[in-house]
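sequence first, predicted coordinates after that:
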Amino acid sequence: MRLLILGGTVFLGRCLVEAALERGHAVTLFHRGITNADLFPEVEKLHGDRDGQLDTLYGRDWDAVIDTSGYVPRIVRQSATWLRNTVDRYAFISSISVYADFSAAGMTEDSPLGAMEHEETEDISAFYGPLKAMCEQEVQQAFGNRALIIRPGLLVGPNDPTDRFTYWVHRFAEGGRILVPGSADRRIQFIDVRDLADWTMAMLEGKVGGVFNATGPAHPLTMGEFVATLEQAIPAAGKAVWVDESFLLQKSVGEWNELPLWIAEKTNWPGFLTVNATRAIHQGLSFRPVAATVLDTLSWDGRQKRDRKWRAGMTRDREAELLSEWERQAGR
């Protein structure tokens with residue numbers, strides 16, 4: 001298969017390239033040549049900008065394109081329109097954030113999507129989900145049943161630029177007493193980026209179109225089970241100290257970023273971490289053991305600079321202060 005990847009040098013993109021090469025496909029990357037430009041020297045690279053500078057794609061054709069970097073409908077429309085007559089299939093990497101309402105658990109691909117009052121808005125930070133939903137529509141309009149729309153949950157594993165999963169791996173490897181938020185029974189979801197990349201390749205090879213939620217694991221996972229895996233898989237791991245979320249909210253602890261994988265019950269978003277991925281699983285989506293992802297992430301994290309700036313997670317000083325006050329209030 002001759003494959004064009006829009007992006008291809010960050011996290012999912014680089015995993016897609018690796019998966020494609022392992023399967024013997026010919027890969028062409030289209031990007032600006034700025035981020036990780038030295039990756040994959042053996043791969044053809046076309047430089048340009050998705051917003052109005054697609055000329056390097058002129059006169060070329062591919063069996064499939066994977067769009068890992070589409071966030072603005074106007075810009076996605078350009079690539080979809082440019083490629084619809086020269087590419088057989090268009091795989092668009094969207095997000096579960098497209099859904100309009102996270103107050104109900106078990107959302108399917110048919111659940112209502114988010115929308116904006118002013119569709120000309122291009123503020124990604126404020127309207128990430130609705131913009132992604134509009135991008136999907138642009139691809140579907142151009143490619144019809146040749147479009148593959150993939151809505152991943154939280155992507156995790158080596159080379160993760162968000163640190164949302166890596167924080168927990170790194171923190172348990174540091175040892176000591178570790179603040180863990182909320183109830184041990186609350187559900188969480190994520191998918192190893194390599195599992196998503198492998199499945200995306202299989203879907204394109206099988207010429208499967210449609211819309212698919214893609215998150216895991218295959219069976220419900222609780223935060224307690226995840227913590228137990230961290231404690232068992234990581235040598236000399238620290239020990240979890242469970243802290244009530246009412247206390248954390250009182251102390252203005254930030255959900256999701258300051259304490260990753262935590263969304264308070266008060267927020268009423270049970271659907272965000274209980275998305276139904278049955279359709280993708282029936283199409284072959286599978287998941288490596290969580291412990292394998294933990295250990296591979298730990299190995300990668302160990303090769304990073306110790307003084308790097310973390311994009312998610314709580315500082316040790318803040319954690320120590322909170323644990324001290326929590327235990328003082330609880331009379332421990």
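Okay, I see it.

show me where this protein has helices.
With helices called from DSSP state H, the chain shows them at 12-22, 73-83, 124-143, 166-174, 193-205, 223-233, 245-250, 278-282, 290-301, 316-329.

TSV for these, including mean neighbour count?
Using the backbone N, CA and C atoms, a C-beta is placed for each residue, glycine as well. Below are those laid out as TSV (neighbours: other C-beta atoms under 10 Å):
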stretch	mean neighbour count
helix 12-22	21
helix 73-83	20
helix 124-143	19
helix 166-174	22
helix 193-205	22
helix 223-233	17
helix 245-250	16
helix 278-282	16
helix 290-301	18
helix 316-329	14
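
the ones you listed: which one's closest to residue 272?
Relative to residue 272, the nearest member of the helices of the chain by C-beta to C-beta is helix 124-143, separated by 10.6 Å.

how many neighbours does residue 176 have?
Neighbours of residue 176 under the rule other C-beta atoms under 10 Å: 14.

of all the helices of the chain, which one is nearest residue 157?
helix 193-205 (4.5 Å).

now distance to residue 30 and mean pLDDT too, for the helices of the chain, in CSV please.
Below are these laid out as CSV (distance: least, C-beta to C-beta, whole Å; pLDDT from 0 to 100):
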stretch, distance to residue 30, mean pLDDT
helix 12-22, 11, 97
helix 73-83, 9, 97
helix 124-143, 16, 97
helix 166-174, 28, 98
helix 193-205, 17, 98
helix 223-233, 37, 98
helix 245-250, 43, 96
helix 278-282, 26, 98
helix 290-301, 26, 98
helix 316-329, 42, 96
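
and of those, who's closest to residue 90?
That would be helix 124-143 among those, by C-beta to C-beta, at 4.6 Å.

show residues contacting that closest one.
The contact list for helix 124-143 (C-beta atoms under 8 Å, 6 or more residues apart in numbering) reads 67, 70-73, 76-77, 80-81, 83-84, 89-90, 92, 94-95, 97-99, 113-116, 119, 121-122, 147, 149, 211.

list buried residues within these.
67, 70, 72-73, 76-77, 80, 83-84, 89-90, 92, 94-95, 97-99, 113-114, 147, 149, 211 (16 or more other C-beta atoms under 10 Å).

still on that earlier bit, right, so of the helices of the chain, which gets closest to residue 5?
Across the helices of the chain, closest to residue 5 is helix 12-22 (C-beta to C-beta), at 5.9 Å.

returning to that earlier point: so which of the contacts of helix 124-143 sit within strands?
Residues of those located in strands (DSSP state E): 67, 89-90, 92, 147, 149, 211.

as TSV, the residues you listed with pLDDT would be great.
TSV is the format used below for the ones in strands among the contacts of helix 124-143 (pLDDT from 0 to 100):
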residue	pLDDT
67	98
89	98
90	98
92	98
147	98
149	98
211	98
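
out of those residues, flag the one nearest to residue 160.
Taking the ones in strands among the contacts of helix 124-143 together and measuring to residue 160 by C-beta to C-beta, the closest member is residue 67, at 20.1 Å.

contacts only, for that closest one.
Residues in contact with residue 67 (C-beta under 8 Å, 6+ apart) are 6-7, 76, 79, 90-93, 139.

beta partners of it?
residue 6, residue 92 (DSSP bridges).

what about it, distance to residue 115?
21 Å (C-beta to C-beta, to the nearest Å).

now do the same end-to-end measure for stretch 146-166.
35 Å (C-alpha to C-alpha, to the nearest Å).
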